[in-house]
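Engineer: sharing a model that was predicted from the sequence below.
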Amino acid sequence: MIPIKLPREEKLQLVQRLQHYYETERGESIGELGAEQLVDFMIGAIGPYVYNAAITDARSVFQETTNRLDDELYALEKKPSGRSR
């Protein structure tokens with residue numbers, strides 16, 4: 001699997017959120033480098049699980065859409081009249 005690479009801006013937002021979490025919820029301080037390393041670790045550790053769940057969700061949506069389209073195509077079929085010419 002290709003490693004998940006976040007745009008720098010998004011990664012910085014995650015780092016800031018993690019730093020804020022540590023300060024408010026744990027009463028601890030975590031530096032930018034430590035927070036960035038923790039973000040990288042968490043992306044590597046849970047990223048594949050989240051990615052696979054997203055693929056499963058997308059597959060379900062695709063299957064439902066395909067089934068609806070198939071139903072609509074069946075509804076468009078014309079039944080032979082049974083008359084011979």
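Structural biologist: Yes, it's here.

Engineer: please tell me how far the residue nearest to the spatial centre of the chain sits from Pro48.
Structural biologist: Nearest residue to the geometric centre of the chain (C-alpha atoms, centre = their mean): Ala54, 3.8 Å. Distance of Ala54 to Pro48, computed by C-beta to C-beta, to the nearest Å: 11 Å. For every residue, glycine as well, the C-beta is placed using N, CA and C.

Engineer: before we move on, what about Ala75?
Structural biologist: Distance of Ala75 to Pro48, computed by C-beta to C-beta: 41 Å.

Engineer: between the two, who's got more neighbours?
Structural biologist: Remark: of Ala75 and Pro48, Pro48 carries more neighbours, 13 against 7, as counted by other C-beta atoms under 10 Å.

Engineer: from Ala35, how far off is that one?
Structural biologist: 22 Å.

Engineer: same question, Phe41
Structural biologist: As judged by C-beta to C-beta, Phe41 and Ala35 stand 11 Å apart.

Engineer: who's more crowded, these two?
Structural biologist: Using other C-beta under 10 Å as the criterion, Phe41 and Ala35 rank with Ala35 on top: 21 against 10.

Engineer: quick one, what contacts that one?
Structural biologist: Shown in contact with Ala35 (C-beta atoms under 8 Å, 6 or more residues apart in numbering): 15-16, 18-19, 22.

Engineer: what about it, which helix or strand?
Structural biologist: helix 32-76 (DSSP states H and E).
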